[in-house]
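>>> Next input, structure requested:
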Amino acid sequence: MSDVKITVNVDKCLAVNKYEPDEQTHIVLADDPDDAEFLKLVRVCPAALYKIEADGTKRFDYSGCLECGTCRIACGDTIVKKWVNPAAGCGVQYRYG
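Numbering: from 1, shown residues only. Below is the predicted model of the structure:
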């Protein structure tokens, strides 16, 4: 057995992906999302697309979406009103692994 440890820098791997954002979002949230539910999205989104600013303003940017569906699973019955795959030719193109 070897003592060699292999580490993976996830940010570095994600940086090589290509994103072609659609003109229309493929994720639609409730108009006034509940604070606790939005905080779930902040915590679980691997692309960190959901943010709460220092003044409490909620921000969401679909253009870097990894299309993993985590937000749909976490809040699909509450504040995620629509989640579909981006239009053909749009979205993420994985270039690592």
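
>>> Am I right that residue 41 is in contact with residue 74?
Yes: using C-beta atoms under 8 Å, residue 41 is in contact with residue 74, at 6.4 Å. C-beta: built from backbone N, CA, C; applies to glycine.

>>> Starting from the one helix or strand in the chain whose mean pLDDT sits lowest, tell me the next helix or strand along the chain.
In the chain, no helix or strand scores lower on mean pLDDT, DSSP states H and E than helix 10-15, which sits at a mean of 74. Per DSSP states H and E, the first helix or strand lying C-terminal to helix 10-15 is strand 18-20.

>>> Partner strands of that following strand, with direction?
Partners of strand 18-20 in the sheet, by DSSP bridges, are strand 91-93 (antiparallel).

>>> one step back: got the buried residues for the least confident helix or strand of the chain?
residue 14 (16 or more other C-beta atoms under 10 Å).

>>> just stretch 20-34 next, same as before
Buried residues in stretch 20-34, counted by 16+ other C-beta under 10 Å: 21, 22, 25, 26, 27, 29, 33.

>>> Over to stretch 83-96?
Buried-residue list, stretch 83-96, by 16+ other C-beta under 10 Å: 83, 86, 90, 91, 92.

>>> What is the nearest of the residues you listed to residue 52?
For those, the minimum distance to residue 52 (C-beta to C-beta) is 20.4 Å, reached by residue 83.
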